[in-house]
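*Asks:* one predicted model, sequence on top.
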Amino acid sequence: MASGKRYTYHKGFLSDNALDFSKRSSFIKEILLERVNPTKVIIPCKQHYGVSAVPVVKVGDEVKVGQCVAMPPKGKFSLAVHSGISGRVTEIRDIKLPNGIECPAIVIVNDMKMSRVPSIRHRESMNLDSKDVLGIISNAGICGLGGEGIPTAAKIDRARRACVDEVLVNALQSEPYSTSDLMIMSEYPGYVVMGAAAVARACGAKKVSILISEKRKMLAEGITTAITNAKHDFNEISFEIKYFKERFPQGYYRLVAKALYGVNLTPEETLEDKCSAVLFNCSTLCACWEALSENVPLMNRVVSVTGDIASGHNIIVPIGTPVSEVLAAGKTSDISGPVVWGNSLTGLAIEDPENTPIIKLTNAITVIRKQETPRTPCIHCGLCAQNCPMGLSPHIIYEMLKQGMPKKAEEEGARTCISCGICSYICPAGIRLTPRIAQFAAEGRIIGENSLLHNTSFKYEIEGIGDLSLLEDYVTDKEGSANDDPDAIELPFDGGKTV
Ligand code: SF4
Ligand code: SF4
């Protein structure tokens with residue numbers, strides 16, 4: 001199942017033990033801490049690529065675990081949002097997230113009853129066609145949890161139209177010091193593998209390749225067992241584990257294209273079109289299988305509480321939980337330093353942990369002890385250029401942009417920056433190179449409500465996806481079907497079977 005070949009990137013930094021920062025080298029061997037049960041959640045309606053969803057609850061409403069609280073506006077590229085707790089809606093207000101996104105947010109105070117919507121239940125048959133898979137995944141509000149936030153159904157649809165051969169599972173933790181994806185692979189390998197197989201079938205791909213770091217070989221046993229089990233339901237799919245040398249950042253699709261296929265993708269080119277493959281984060285695929293097998297929408301995620309602190313943990317967090325409650329649950333008492341919303345390389349320092357929520361894309365909260373960052377002019381050490389995974393010279397590009405020479409910066413390749421954060425992280429002079437370069441690179445691309453559509457060579461049918469119904473109403477009315485149980489759900493992909 002594993003080829004024995006080892007793949008690598010040419011640049012990026014190597015770490016002896018990427019978990020040393022937390023002084024927790026046994027991090028991924030510990031059990032996943034239990035779920036946080038917050039006193040309230042603040043659920044933003046835009047946590048994804050696309051336009052904001054629209055609240056479908058009002059102040060005073062009682063909501064249940066798994067209930068859809070915001071829906072995509074008709075005909076728009078957007079995604080549903082669900083509650084991970086039960087309780088009462090106390091406020092709907094505008095919020096500005098640390099990444100600059102402004103949207104409505106729904107505040108729900110927890111009644112601690114954890115009462116769930118009845119539609120969360122085991123689905124007995126996996127005889128799903130592409131349309132069913134896309135509909136369920138879209139209605140479950142699933143987007144790329146590795147940080148990109150592209151609605152997953154849209155990505156599957158794009159891959160299907162590009163006739164991809166291979167689904168790649170990104171189980172390479174993209175940044176050091178957090179282990180949420182590794183924890184998913186350790187605790188839920190069966191969900192990831194089944195999710196990958198179902199997505200591969202929906203894309204029309206015949207192969208699933210799971211990408212893991214050679215340092216995480218201890219995960220291979222669980223993955224291999226999961227593959228053996230998945231073969232019963234997906235015998236037309238072949239599986240392979242591909243090992244990578246651990247080098248940060250890792251798992252970005254353009255880096256993967258280069259390492260696996262030797263293809264240098266421009267920002268405008270897609271893995272689907274150029275390499276006949278599509279890449280999904282392992283946490284995304286785990287969420288897909290939860291939705292497909294148990295009708296569970298995306299309402300929780302695994303978050304690493306990490307950093308230069310006494311302890312580090314992974315915990316299951318309802319989306320919308322304030323960062324302050326995550327820190328408390330993660331047993332983090334020393335928060336004298338900056339609190340970072342996200343990972344150590346690409347995360348954003350936040351001022352107000354009480355009012356900043358975990359969103360679908362937050363895989364870590366990093367706390368860094370207060371330290372005096374040196375601030376000097378560039379000392380021309382060359383470290384940023386040596387480590388940039390895209391082969392850029394960040395110090396030169398930074399100076400060009402600072403001096404108002406965008407054309408020259410473009411000639412230096414600035415548009416190919418992937419915003420990985422390595423250059424800022426590694427600079428001994430404390431120069432924040434990434435924000436300026438990454439912003440310039442982003443300006444050159446089409447960022448907006450329908451950018452996925454613009455970046456594809458075909459027209460994506462917005463109307464065809466995410467407009468089937470809410471997840472809890474995902475049923476078809478087949479004429480003449482007998483249904484004695486008023487609470488039964490008729491499965492459109494089960495030959496009319498009811499559960
Ligand atoms: S943020 Fe951009 S310029 Fe800096 S190391 Fe990463 S890819 Fe290179
Ligand atoms: S790492 Fe910092 S100090 Fe060294 S060359 Fe780059 S910008 Fe200059």
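*Replies:* Received, thanks. Numbering: from 1, shown residues only. Ligands and ions are numbered 1, 2, ... in the order given.
*Asks:* the residue at minimal distance from the centre of the chain: what secondary structure?
*Replies:* The centre of the chain sits closest to Leu145, judged by Cα atoms, centre = their mean, with a distance of 0.9 Å. What DSSP: H, G, I helix; E, B strand; the rest coil gives for Leu145 is coil.
*Asks:* okay, now the nearest residue in space to Glu175 that is not next to it in sequence: neighbour count?
*Replies:* Sequence neighbours aside, Asn343 is the residue nearest to Glu175 in space, at 4.0 Å (criterion: Cβ to Cβ, 6 or more residues apart in numbering). The C-beta positions use only the backbone N, C-alpha and C, and glycine is treated the same way. Applying other Cβ atoms under 10 Å, we find 26 residues neighbouring Asn343.
*Asks:* what about Ile431, distance to His395?
*Replies:* 8 Å (Cβ to Cβ, to the nearest Å).
*Asks:* which residues do these two both contact?
*Replies:* Residues within reach of Ile431 and of His395 at once, by Cβ atoms under 8 Å, 6 or more residues apart in numbering, are Cys378.
*Asks:* if I look at the closest residue to Ser115 other than its chain neighbours, how far off is ligand 1?
*Replies:* Once flanking residues are discounted, Ser115 sits nearest to Ser86: 4.6 Å by Cβ to Cβ, 6+ apart. Distance from Ser86 to ligand 1, counting by Cβ to the nearest ligand atom, to the nearest Å: 41 Å.
*Asks:* residues in contact with Ser86?
*Replies:* Ser86 neighbours (Cβ under 8 Å, 6+ apart): Glu62, Val63, Lys64, Val65, Asn110, Asp111, Lys113, Met114, Ser115, Arg116.
*Asks:* distance to Tyr191, neighbour count and pLDDT for the residues you listed - can I get that in a markdown table?
*Replies:* Listed next are the contacts of Ser86 as a markdown table, based on distance: Cβ to Cβ, whole Å; neighbours: other Cβ atoms under 10 Å; pLDDT from 0 to 100:
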| residue | distance to Tyr191 | neighbour count | pLDDT |
| --- | --- | --- | --- |
| Glu62 | 30 | 14 | 97 |
| Val63 | 25 | 23 | 96 |
| Lys64 | 23 | 20 | 95 |
| Val65 | 19 | 21 | 95 |
| Asn110 | 26 | 19 | 98 |
| Asp111 | 29 | 14 | 97 |
| Lys113 | 26 | 12 | 95 |
| Met114 | 21 | 14 | 93 |
| Ser115 | 24 | 15 | 94 |
| Arg116 | 19 | 14 | 92 |
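*Asks:* ok so, going back, how about the residue nearest to the centre of the chain, nearest residue that isn't a chain neighbour?
*Replies:* Ser283 (4.2 Å).
*Asks:* hang on, the one you found in a helix?
*Replies:* Yes: looking at Ser283 with three-state DSSP, it is inside a helix.
*Asks:* could you give the number of residues near it?
*Replies:* 28.
*Asks:* wait, it sits on Arg301?
*Replies:* Yes: with contact defined as Cβ atoms under 8 Å, Ser283 and Arg301 form a contacting pair (6.9 Å).
*Asks:* okay, and the common contacts of the two?
*Replies:* In contact with both Ser283 and Arg301: Leu145, Ser180, Asn363, using Cβ under 8 Å, 6+ apart.
*Asks:* Pro249: which of these is nearest?
*Replies:* Asn363 (13.5 Å; Cβ to Cβ).
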